[in-house]
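*Asks:* got a predicted structure here, sequence first:
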Amino acid sequence: MTASISIRIDQTLYNQARNEAVVEHRSIAGQVEYWAKVGRSALDNPDLPIGFIAESLASLAEPREDATVFVPRSRRA
C-alpha cells in the first residue's frame, strides 16, 4: 500500500482533472498521478512523442496475462 498526502492545486487544474478522470475511468488523484507520470517521462525522454509515451505507460499498466503474444511475420523471399 502506498502512502498518500494532500497537495494544493489550482482550481482550474482540479476541474480539468475531474472532467478527464470521468472520461478515463480514473479517480481525480489517479488522473493527476497519470499526468505527472506522462510529464516526468516526457521530460526524461524529450525525443519521444507524447502519444508514444502515454501509450507505453498504458501498456505497462496492463496485466501481463492480458497481453497479446508477439508473433513475427515471416520474411518475404
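*Replies:* Yep, that arrived.
*Asks:* for Gln31, give its distance to Val38.
*Replies:* 11 Å (C-beta to C-beta, to the nearest Å). C-beta: built from backbone N, CA, C; applies to glycine.
*Asks:* rounded mean pLDDT for stretch 13-31, please.
*Replies:* Mean per-residue pLDDT for stretch 13-31: 95.
*Asks:* in that stretch, which residues are buried?
*Replies:* By 16 or more other C-beta atoms under 10 Å, the buried positions in stretch 13-31 come out as 16-17, 21, 28, 31.
*Asks:* which among the residues you listed gets closest to Asn45?
*Replies:* Gln31 (21.3 Å; C-beta to C-beta).
*Asks:* ok, that closest one touching Ala17?
*Replies:* Yes - the criterion here is C-beta atoms under 8 Å, and Gln31 meets it with Ala17 at 4.5 Å.
*Asks:* contacting residues around the helix or strand of the chain at the bottom of the mean pLDDT ranking?
*Replies:* Scoring the helices and strands of the chain by mean pLDDT, DSSP states H and E places helix 50-61 at the bottom, with a mean of 89. Outside helix 50-61, the residues that touch it by C-beta atoms under 8 Å, 6 or more residues apart in numbering are 34, 37-38, 41-42, 45.
*Asks:* now the buried members of the residues you listed.
*Replies:* So, by 16+ other C-beta under 10 Å, the buried ones in the contacts of helix 50-61 are 34, 38, 41.
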